[in-house]
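Student: Here is my input; please provide its structure:
(chains A, B and C)
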Amino acid sequence: MKEKRKMTPREKNEAIWGLAFVAPTIIGLIILNFYPAINTVWQSFCKTGDFGKGNTFVGIANYQKAFADPEIWQSLINTIKYAIIEVPFGVVIALLLAVFLNGKIKGVSVFRTIFFLPMVCAPAAVAMVWKWLYNQQFGLFNNILHAKIAWISDPKIAWISVGIIGVWSIIGYNMVLFISGLKEIPGDYYEAASIDGASGINQFFNITVPLLSPTTFFIVQTRVIGALTIFDLMFMVMDKTNAALPKVQSTVYVFYKYTFDQGNKGYGAAIVMILVAFIMLVTVIMQRAEKRFVFYN
Amino acid sequence: MDKKNGRFSGWWKAEKDKIAGIPGTSKKIGYIWEYYKLWIIGIVFGIWYITFAVRQYTTGLKDYWCFMIFANTYADAGDHSELWEDYVGYAGFDLTEKAVHFDAASYFDYLKGVTGNSYFEGFVAYADSGTLDAIVMGRDSLTALGQTGRLLDLNSPECASIREKYGDRFLYAVPLDEEYSTEEIPVCIDISDSRLVREYGIYSEPCALGIGALSDNVESVELFLDFLFE
Amino acid sequence: MESASTKDTIRKIIVYIILVIMAFIMLVPFAWMILTALKTNQEAISVDPFYIFPHSGWHWETFGEVWKSYNFVLLYKNTLLMILFRVICACLTATMAGYAFGRLNFPGKNFLFSLVLIQMMIPSTIFIIPQYLMVSSLGWLNTTAGLVFPGIVTAFGTYLLKTGYQGLPKDLEEAAGIDGCNIGQKFLLIMMPLTRSSMVSLGIFTALFAFKDLMWPMIVCSSVETTTLAAGLAKAQGQYGSNYPQMMASAVLAVVPMIVIYIIFQKQFVEGIATSGGKL
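Tutor: Residues are numbered from 1 along each chain as shown, chains lettered A, B, ... in the order given. Next up, the predicted model:
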């Protein structure tokens, strides 16, 4: 398999072009991202410089502490639970909307603009609205349901409530990507199918879904990564004193708590490393699956 | 596409011939723009960016005499405020060499929780990068902030002369990090009765000053304290 | 025929109903922003949940006050410059790298692509302090160059464009290869125009992320004259404390150019490839 052979001039030419094309991106990533990341790796083996004292090497002590800490494990479970809500619902709803909006419908651009609005809204406004919707006494949801549900302070349902906000805020994002993917499907496929008498739903499953699979895979992959590194939703609607917080806080939230709030950078770095290792594992599995489920023409 | 040659020179010749064959200057420019607009934009911006970057690199100020945050105040304590001018005058800094920056747009209270507060994130970035020289805020909040280790331990040798002059004003906190110390250590200096409050009215509540843990300009902070208690 | 067209109409109506309901859900916070801006502060912080509309008249003057109290023109200028540069940088570097990853073979391809993926997995906050130190040692603090700095390359965009290029039919390139184009020409003249809609969505997202980014401009451009809208408003918001109408009015004013940019960009989708157009 790994037999070394000389490249033909043609292959060599291609290799040179390829390396030249990726060079700016890779050099940029190394300077901007990987150098800081390696710094963090180093930090995770250190007790960081409190009170101007400087770093001291402590080996794997931070990792030992993190692995023994139930808070970290719980936060990983919380993060996974969040991803399980956000990714499938966010993707499916966005796909349906994108397909609707790709058809010949009046007011398409108005709808597209409206669905984009959540992404440009001020986070403060978003937080205020959702807090109001979820409010136990005055909230719209409880008023409609005639119930007294503690949407964001009951540990059993708070993770769902936060997941719903996540889905809501990500739909427009996924939709833009789906629309651009749909635009790259040649129209003659649909024409041929129409002549054959295929119904709309048939067309959707036989043409749109397979031909859109590269875009879908891309969205799922980036959203899985995005959901596993989620952070801002938690502090947006939940106070520090919220009883449900331990059952909702994500791993990055815990990282924040240690690194920023408490200044324990070594421990925070170790938490990030554990999270990144976990995401890498998920990504490797997904990249394997790509070959089976994704259709490239 | 040109069939003669795949190389750059061949492409160049073919394009030149093609452009020469197009009648009218505006059409020529139109053709070039149509086919090469991305590259033209890219190159123009690239050159602009690089010249700008190099010029900035050679002329821009890269260091501070003193970088201070005045948190949780609505009074004018930013750059070129009265306080800033008086301090720069008092210390006699040469502003063409290094800058003096007073940041008075920062609002966070460690006692009330700071998760996701972008002002606090800014403070952390300045403190952890060693930019921050000192921070002034309400006495209790600052003492609480001192637990995190982002303020200098005033027992450390760098602040020997500050300790000598202002040791009686030190405020103490127990570090969150138990390995560092389980005893109280001095983390900030009470400046409630200084000119900052009396003359400039920057704060109305009791306030204190803490030194950034990684600050290189402890002398500038000392000058600031001298200036406050002049 | 008759029944088919009725079915079509019914389907259309269902689609419209779904779209309108979704649009309503998506509009709520934005409408909330505008309505809050038009209230008095008293009304804005009222606990009554159905106090949706302002009672004491519509306070349009808040917008005027906010407009006067910030230097919006300057903030818009800084923000648009940053967005422009980031979009150009991101599109150029990502389209090249995406093409190479998607269509070319070269040694180390999988390893280099895994670097791109790993970048997306790391919480971006850990990059900020080292990047700040770089910008500060370059003397770029309080400049547009400093604002643009972390956005010169984009892992997300590279991956997006790679997906775009992979989706294109294989035979395209072979036809061009016979024509005697070299790889650079093939890329520039044949492949790049076909991924236009991927580039447009990259442009939208780059602009969006740049626009929403708060922490970086806040740290790098600490003076109000050089910072961006998001950071400039955040910096000044402390002045208003908890004056919600003014906060929301400034947020609305900040968002308007972003919406305009989006509308301009998404028009490009429609013009993208005229042949497409599926239906459900």
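
Student: what helix or strand is whichever residue of chain B sits closest to chain A on?
Tutor: Per Cβ to the nearest Cβ, B:Gly149 is where chain B lies closest to chain A, at 3.0 Å. Heads up, the C-betas are built off the backbone N, CA and C, glycines and all. Here B:Gly149 is covered by no helix or strand, with elements defined by DSSP states H and E.

Student: quick one, what contacts residue 130?
Tutor: The chain I'm using is chain A. Contact analysis of A:Trp130 by Cβ atoms under 8 Å, 6 or more residues apart in numbering or on different chains lists A:Ile165, A:Met236, A:Val237, C:Pro29.

Student: try again with chain B
Tutor: B:Gly212, B:Leu214, B:Ser215, B:Asp216.

Student: if we go to 7 Å?
Tutor: B:Leu214, B:Ser215, B:Asp216 (Cβ atoms under 7 Å, 6 or more residues apart in numbering or on different chains).

Student: Break down the stretch 51-200 of chain A into its helices, ranges please.
Tutor: Counting by DSSP state H, counting those that start in this stretch, the segments of the stretch 51-200 of chain A that form helices are A:61-67, A:70-102, A:108-120, A:123-134, A:140-145, A:158-183, A:188-195, A:200-203.

Student: Please give the number of neighbouring residues around A:Thr40.
Tutor: 23 (other Cβ atoms under 10 Å in any protein chain shown).

Student: if we can go back for a sec, relative to chain C, which of the contacts of B:Gly130 is nearest.
Tutor: Taking Cβ to the nearest Cβ as the measure, chain C sits nearest to B:Leu214 out of the contacts of B:Gly130, at 10.9 Å.

Student: how close does the nearest residue to C:Met121 once chain neighbours are set aside get to C:Asp8?
Tutor: Excluding its sequence neighbours, the residue lying closest to C:Met121 (Cβ to Cβ, 6 or more residues apart in numbering or on different chains) is A:Ile279, at 4.3 Å. Look at A:Ile279 and C:Asp8: by Cβ to Cβ, to the nearest Å, they are 45 Å apart.

Student: Quick check, pLDDT for residue 23.
Tutor: Just going to use chain A. For A:Ala23, the pLDDT comes out at 93.

Student: could you do chain B instead?
Tutor: Listed pLDDT for B:Pro23 reads 80.

Student: Same question for the one 5 residues further on.
Tutor: Reading off the per-residue confidence, B:Lys28 sits at a pLDDT of 81.

Student: Near the nearest residue to it once chain neighbours are set aside, how many other residues are there?
Tutor: Computed as Cβ to Cβ, 6+ apart, the closest residue to B:Lys28 that is not its neighbour in sequence is B:Ile22, at 5.1 Å. B:Ile22 sits with 14 neighbouring residues when counted by other Cβ under 10 Å.

Student: helix, strand or coil for B:Leu171?
Tutor: Secondary structure assignment for B:Leu171 (DSSP: H, G, I helix; E, B strand; the rest coil): strand.

Student: Touching, it and B:Ile191? I think so.
Tutor: No. Using Cβ atoms under 7 Å as the test, B:Leu171 is too far from B:Ile191 to be in contact (10.2 Å).

Student: Tell me how far A:Ala15 lies from chain C.
Tutor: Using Cβ to the nearest Cβ, to the nearest Å, one gets 4 Å for the distance from A:Ala15 to chain C.

Student: which ones are touching that residue?
Tutor: Neighbours of A:Ala15 in contact, by Cβ under 7 Å, 6+ apart: A:Met7, C:Phe106, C:Pro107.

Student: For chain B, which residues are neighbours of chain A?
Tutor: Contact residues, chain B versus chain A (Cβ under 7 Å from any Cβ of the partner chain): B:113-116, B:120-121, B:124, B:148-150, B:152-153, B:156, B:175-177, B:180, B:213-214.

Student: Counting neighbours, what do you get for residue 56?
Tutor: All of this refers to chain A. A:Thr56, neighbours per other Cβ under 10 Å, totals 11.

Student: Switch to chain C, please.
Tutor: 9.

Student: Which neighbouring residues are in contact with it, exactly?
Tutor: C:Thr40, C:Glu43.

Student: Which members of the contacts of B:Gly130 occur in helices, if any?
Tutor: Of the contacts of B:Gly130, none are assigned to helices by DSSP state H.

Student: Any of these buried? List them.
Tutor: In the contacts of B:Gly130, burial by neighbour count holds for B:Leu214, B:Ser215, counting by 16 or more other Cβ atoms under 10 Å in any protein chain shown.

Student: helices or strands next to the one helix or strand A:Arg292 maps to in the packing?
Tutor: For A:Arg292, the enclosing helix or strand under DSSP H and E is helix A:265-293. When contacts are defined as 3 or more Cβ pairs under 7 Å, 6 or more residues apart in numbering or on different chains; DSSP states H and E, helix A:265-293 packs onto helix A:35-43, helix A:61-67, helix A:70-102, helix A:209-228, helix A:251-256, helix C:109-121.

Student: List the buried residues in whichever helix or strand comes after the last one.
Tutor: Which is helix C:109-121. Of the helices and strands lying after helix C:109-121 in sequence (DSSP H and E), the nearest is helix C:125-138. Across helix C:125-138, burial judged by 16+ other Cβ under 10 Å covers C:125-136, C:138.

Student: Residue of chain B closest to chain C, please.
Tutor: B:Gly60 (2.8 Å).

Student: can you pull the contacts of the residue nearest to that residue when sequence neighbours are not counted?
Tutor: Among residues not flanking B:Gly60 along the chain, C:Gly139 sits closest, at 2.8 Å (Cβ to Cβ, 6+ apart). The contact partners of C:Gly139, taken as Cβ under 7 Å, 6+ apart, are B:Gln56, B:Tyr57, B:Gly60, B:Leu61, B:Lys62.

Student: try A:Pro118
Tutor: A:Trp168, A:Ser169, A:Gly172, C:Met26, C:Pro29.

Student: which of those residues sit farthest apart?
Tutor: Within the contacts of A:Pro118, A:Gly172 and C:Pro29 form the most distant pair, 12.0 Å apart (Cβ to Cβ).

Student: isn't A:Ile271 right up against A:Phe255?
Tutor: Yes. In this structure, A:Ile271 is within contact of A:Phe255 by Cβ under 7 Å, at 4.6 Å.

Student: Who has more neighbours out of the two?
Tutor: Comparing A:Ile271 with A:Phe255 by other Cβ under 10 Å, the one with more neighbours is A:Ile271, at 29 against 26.

Student: per-residue pLDDT, that one?
Tutor: 94.

Student: Low-confidence stretches in the stretch 1-150 of chain C?
Tutor: For the stretch 1-150 of chain C, the stretches with pLDDT under 70 are C:1-4, C:45-52.

Student: Please, where are all the helices along it?
Tutor: For the stretch 1-150 of chain C, the helices defined by DSSP H, counting those that start in this stretch cover C:2-37, C:41-44, C:61-69, C:72-103, C:109-121, C:125-138, C:144-148.

Student: what's around B:Asp76, how many residues?
Tutor: 16.

Student: Now the residue lying closest to it once chain neighbours are set aside: phi and psi?
Tutor: The shortest distance from B:Asp76 to any residue other than its chain neighbours is 6.9 Å, reached at B:Ala104 (Cβ to Cβ, 6+ apart). With angles defined as degrees, to the nearest 10, B:Ala104 sits at phi -110, psi 20.

Student: B:Ala104 contacts B:Tyr74, doesn't it?
Tutor: No. Using Cβ under 7 Å, B:Ala104 is not in contact with B:Tyr74; the gap is 8.6 Å.
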